[in-house]
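Student: No letters, just coordinates:
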Ligand code: URA
Ligand code: SF4
């Protein structure tokens, strides 16, 4: 899929979300919050659901939790426009209560379609509810800062998942905030691992296909440089006007 095709597909999903009445949360919303970001990104962040400010603006993570998320991203030299940011439920639960299981189930097809379109290498979950979708049954106290393969049923067909605490939890506890900065520092490594896994997967698929007798050498040499193989948008992480940054050398 080209960048333009992905953009159109994401806009189509957003247009459906904006008028969705599949669950009771539609009744209390000011605006739905489909998500936003770089359609060509390798990394998707998934939060829980819109809060007060997000509901007003129709954009994810624009309140205090969003400010902290931007700071966390900044600590590894990333900007929010470089990634895609969305939520498990797209409409604000009343009084910011937790989303109910039936609301999560009703809304999941939108996230699944977004992930199918974006085909990220890495999904970063923000908080328990998001983690519960991608790492079912795992307690966040033990899984934050760790990576595992995404279940393809989530829509992310070949991705790793990395769990973070929710930024709102970090706003309530300096220890969680400290831990969050430590966990975010592990994201570039997780992305490199995710790229390697995808490259190996591509090579395995290529090797399973019948090859022309004259060309086996090309297929055999590519495993040596997996990180160079398929990055969808390495340029997204190295804006031309950005100052040199040690973190970015990873990309
Ligand atoms: N918290 C979330 O989980 N998502 C948002 O979009 C904002 C705050
Ligand atoms: Fe539709 Fe999701 Fe909003 Fe429920 S939360 S009304 S399923 S968009």
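Tutor: Alright, I've got the coordinates. As the structure is a computational prediction, the values presented were derived from the model and not from experiment. Numbering: from 1, shown residues only. Ligands and ions are numbered 1, 2, ... in the order given.

Student: which parts of stretch 150-165 are buried?
Tutor: Residues 150, 154-156, 159-165 are the ones in stretch 150-165 that count as buried (16 or more other C-beta atoms under 10 Å). C-beta coordinates here come from the backbone N, C-alpha and C atoms, glycine included.

Student: and ligand 1, which of these reach it?
Tutor: Residues of the buried residues of stretch 150-165 in contact with ligand 1 (C-beta under 6 Å from any ligand atom): none.

Student: and which of these is nearest to ligand 2?
Tutor: Nearest to ligand 2 among the buried residues of stretch 150-165: residue 155, at 14.9 Å, using C-beta to the nearest ligand atom.

Student: so what pLDDT did that closest one get?
Tutor: On the pLDDT scale, residue 155 is placed at 97.

Student: next one: residue 137
Tutor: With respect to pLDDT, residue 137 has a value of 86.

Student: Spell out the secondary structure type for it.
Tutor: What DSSP: H, G, I helix; E, B strand; the rest coil gives for residue 137 is coil.

Student: gap between it and ligand 2?
Tutor: Applying C-beta to the nearest ligand atom, to the nearest Å, the value for residue 137 to ligand 2 is 24 Å.

Student: Could you report the pLDDT at residue 199?
Tutor: We have a pLDDT of 95 for residue 199.

Student: And for stretch 129-149, what's in contact with it?
Tutor: Stretch 129-149 has contacts (C-beta atoms under 8 Å, 6 or more residues apart in numbering) with 46-49, 87-88, 98-99, 104, 108, 111, 123, 125, 127-128, 150-151, 154, 159-166, 179, 182-183, 186, 190, 193-194, 197.

Student: distance of residue 5 from ligand 1?
Tutor: Distance check for residue 5 against ligand 1: by C-beta to the nearest ligand atom, it reads 26 Å.
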